[in-house]
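Peer 1: quick check, what structure comes out for this input:
(one chain, ligands or ions: 1)
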Amino acid sequence: MCGIIGYIGSEPVTPILMQGLKSLEYRGYDSAGIALVDGGKVFICKRPGKLSRLEECLKSKIIKGNVGIGHTRWATHGEPNQVNAHPHFGDNYDFMIVHNGIIENHQVLKTELIKEGHKFKSQTDTEVIAHLIEKYYRGDLAKTVCKVIKLLKGSYALGVISRLQPNVLVGARKDSPLIVGVGKTGNFIASDVPAILSYTREAIYLDNNEVVELTEKKITIYDISGRPVHKKKVLIKWDVKSAKKGGFTHFMMKEIHEQPQVLRNILKGRIRNKRVVFEQLKFPEKQIKKIDNIQIVACGTAYHAGLCGKYILEKLVQLPVSVDNSSEFRYRDQIIKKDRTLVITVSQSGETADTLAALRAAKLKGAKILSVCNVIGSSIARESDGVVYIHAGPEIAVASTKAYTAQLATFYLLAIYMGMVRKTLNFKSADKLLKVFTKVPALMEKIIAEQGKVKSVAQKYIRKYHYRLAEQLKFLENEVKVFKDARKALAFAKVCAQKSYSAYGRRFGDFPFLYLGRNINYPSALEGALKLKEITYISAEGYAAGEMKHGPIALIDEFPLVVCIAPKSKIYDKMLSNIREIKARKGVVLAIATKGDREIRKKEYSDFLIQIPDIDEFFSPLLVALPLQLLAYFIAVGLGCDVDQPRNLAKSVTVE
Ligand code: AGP
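Peer 2: Numbers count the residues shown, from 1 in each chain. This is a model prediction of the structure:
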């Protein structure tokens, strides 16, 4: 939540800050701002709304300075307006700060500061930090920050500049990510790697309670008591291209297309001499043999990958696996058996606050933690006993796609590896599985090449949606006599839907989706529904198809679109029975089925059909994911939604 960037050096600061903010905008996009210091002068500009509004405002300004900070916000305290946008400052313009995180004791600190005469302008928790720095500053900004962070409870990544020390940029972190970029013409702080990739690939990862002091040529890191700490630089392997759209209209589409290659890389890196290798797992085989249960914790899409992981691990490793949402797991009485329970945390960003807290809660109870992460050096990765990186490259679109299939792929490999260590899987069976698995990237490519079919289903749905809207507007016509005929109503409905879907769509034509799947594709149903609601704002529910009769069947009439995930499998006939039950109630079915399945294409089963290549049902979630992602994408585009930056969401949820 929130992205921060800071630069000190000889290059013009504003373009560096703006480019950094652009690549961090996925972290929050309800307001943005920058602050620069030029000798004794200060420049601050903040705007509510997307970054483009800030950009617009900066066009007409001549801004100088050699040090600056920037922020893109996802509001936690105070509505997203200009006053609450960062950077914040104290009573005068001596100190400017940007912050990502939450200061839990801000109210107590604020009351005290007000008593002492400080005047607050915003409703944010952040502003107290600026006033505290102002209160305690005695000529050394880094030392002041060390002193101030001792007073703070909560989480923070901070960037601080001062016109009293124009040649210094200070950063600090606790429980919110902050990296230091080591450049040739200056140095950087940023919430995430993509913000600095155009300038440097050398970085230092700050740990909790560390403060960094940057000048143009020097970087000094201190612990909270002000003692210098020596830290190593790391070389970032991601390249600049990987964080750009590369000719695609949206990051989401680019990331959907990247999936076959991501899977190929994962397979290439982890299969040697027909065996799965996890060189940096840090879990000795002896330890893996001792485990008698597995607990997976994660949020959102990563949770769905974890649910699928349960089916995969239980089949190949033959141990009981529980899966929990991190936000639930962290507060319940977790049953952890020391050395016997393996906790697997799954997180693309490695910074999700609830997952990090769940990890810590499990650790306190003596669990060994294995993390499945994408972002190298992230908090979750660093606090785990062992890490398996999914190597998906930067995922920028808020809606996760390639990280999901990369997490699934990692579960397959992990299960094959653990199964062989624990002897629940022999070499021959493992080899057979790997042979099927290595075919997946090429099959994914086929689905992507045939995306036109998914697009046409999406377009048909949208047309249906517009008609529904038109019907409802026609109904309104009788009420308010606004429209003369259905055609005009339809035209108007289209304009409503395209121009202001979120305003009109929900009011007039909510046309919900139901996603049904069974067994290993039950998590696929949940993930398909999540993708759709995230980027189109259409109500969508995912259900285990067998649960339909226990409630959701009441929703069925001719309006919801029921997406039935029914690839060839041992429970295929059960899915067909569910579909029959839906059709018997006038339900509209979109079936996701295996190519060559003649039965399901009959009118009595499906109104719409999307086919996936034939594959063993065990690996089918890897293929099913793609048409579901594409469907959500094309509907979102058709309805004029902001695909990469859906409302109210942020990519990394670093607050509880
Ligand atoms: C996915 O499309 C979502 N944006 C969201 O559910 C996400 O998967 C969740 O917040 C977990 O994030 P993480 O993988 O970075 O921990």
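Peer 1: where does this structure have low pLDDT?
Peer 2: 240, 472-490, 492-510 (pLDDT under 70).
Peer 1: longest helix in it, please.
Peer 2: helix 451-480 (DSSP state H).
Peer 1: what packs against it?
Peer 2: Here helix 451-480 touches helix 486-499, helix 506-509, strand 608-612, helix 620-638, going by 3 or more C-beta pairs under 8 Å, 6 or more residues apart in numbering; DSSP states H and E. Using the backbone N, CA and C atoms, a C-beta is placed for each residue, glycine as well.
Peer 1: so where does the closest residue to residue 113 other than its chain neighbours fall, helix or strand?
Peer 2: Nearest residue to residue 113 in three dimensions, chain neighbours excluded: residue 131, at 4.9 Å (C-beta to C-beta, 6 or more residues apart in numbering). Per DSSP states H and E, residue 131 falls inside helix 127-136.
Peer 1: mind giving me the packing neighbours of that helix?
Peer 2: strand 88-89, strand 95-103, helix 106-115, helix 141-149, strand 154-162.
Peer 1: winner for burial among these?
Peer 2: Ranked by mean neighbour count, the helices and strands packed on helix 127-136 are led by strand 95-103 with a mean of 28 (mean count of other C-beta atoms under 10 Å).
Peer 1: strands paired with that one, and their directions?
Peer 2: Strand 95-103 pairs in its sheet with strand 88-89 (antiparallel), strand 154-162 (antiparallel), by DSSP bridges.
Peer 1: got a list of contacts for the shortest one?
Peer 2: Among residues not part of strand 88-89, those counted as contacts by C-beta atoms under 8 Å, 6 or more residues apart in numbering are 35, 44, 95-99, 122, 124, 126-127, 129-130.
Peer 1: ok, so of those residues, who is nearest residue 586?
Peer 2: Nearest to residue 586, judged by C-beta to C-beta, of those is residue 124 at 51.5 Å.
Peer 1: now do the strands in the stretch 501-650 of the chain.
Peer 2: Taking DSSP state E, counting those that start in this stretch as the test, the strands found in the stretch 501-650 of the chain are 513-517, 540-544, 561-566, 588-594, 608-612.
Peer 1: for the ones you listed, which one sits closest to residue 383?
Peer 2: strand 540-544 (30.7 Å).
Peer 1: show me which residues of the stretch 201-350 of the chain sit near the ligand.
Peer 2: 299, 300, 301, 302, 347, 348, 349 (C-beta under 6 Å from any ligand atom).
Peer 1: hmm, the last one is touching residue 651, no?
Peer 2: Yes: here residue 349 reaches residue 651: they are 6.8 Å apart, a contact under C-beta atoms under 8 Å.
Peer 1: hey, where'd the helices end up in the stretch 151-300 of the chain?
Peer 2: With DSSP state H, counting those that start in this stretch, the ranges of helices along the stretch 151-300 of the chain come out as 251-270, 285-290, 300-317.
Peer 1: could the ones you listed go into a markdown table alongside distance to residue 40?
Peer 2: As requested, the helices of the stretch 151-300 of the chain are exported to a markdown table (distance: least, C-beta to C-beta, whole Å):
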| stretch | distance to residue 40 |
| --- | --- |
| helix 251-270 | 41 |
| helix 285-290 | 59 |
| helix 300-317 | 47 |
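Peer 1: return the most buried member of those helices.
Peer 2: Among the helices of the stretch 151-300 of the chain, helix 300-317 has the highest mean neighbour count (mean count of other C-beta under 10 Å), at a mean of 24.
Peer 1: I'd like to know which elements that helix is packed against.
Peer 2: Judged by 3+ C-beta pairs under 8 Å, 6+ apart, the packing partners of helix 300-317 are strand 293-298, strand 321-325, strand 341-347, helix 402-421, helix 522-536.
Peer 1: how far off centre is that helix?
Peer 2: Centre-to-centre, helix 300-317 and its host chain are 18 Å apart (C-alpha atoms, centre = their mean, to the nearest Å).
Peer 1: and for stretch 71-90?
Peer 2: Centre-to-centre, stretch 71-90 and its host chain are 22 Å apart (C-alpha atoms, centre = their mean).
Peer 1: residue 629 and the ligand: what is the separation?
Peer 2: Using C-beta to the nearest ligand atom, to the nearest Å, one gets 10 Å for the distance from residue 629 to the ligand.
Peer 1: got the contact list for that residue?
Peer 2: Residue 629 makes contact with 252, 256, 399, 401, 531, according to C-beta under 8 Å, 6+ apart.
Peer 1: which among the strands of the stretch 501-650 of the chain is found nearest to the ligand?
Peer 2: strand 540-544 (12.8 Å; C-beta to the nearest ligand atom).
Peer 1: residue 234 - nearest residue in space that isn't next to it in sequence?
Peer 2: The shortest distance from residue 234 to any residue other than its chain neighbours is 5.8 Å, reached at residue 203 (C-beta to C-beta, 6+ apart).
Peer 1: give me the distance between that neighbour and the ligand.
Peer 2: Counting by C-beta to the nearest ligand atom - residue 203 and the ligand are separated by 19 Å.
Peer 1: bridging residues for that residue?
Peer 2: Taking DSSP bridges as the rule, residue 203 bridges to residue 181, residue 234.
Peer 1: now do the one 10 residues further on
Peer 2: Taking DSSP bridges, one finds residue 170, residue 220 as the beta-bridge partners of residue 213.
Peer 1: okay, now it: neighbour count?
Peer 2: By other C-beta atoms under 10 Å, the residues close to residue 213 number 23.
Peer 1: residues contacting it?
Peer 2: 141, 142, 168, 169, 170, 219, 220, 221, 222.
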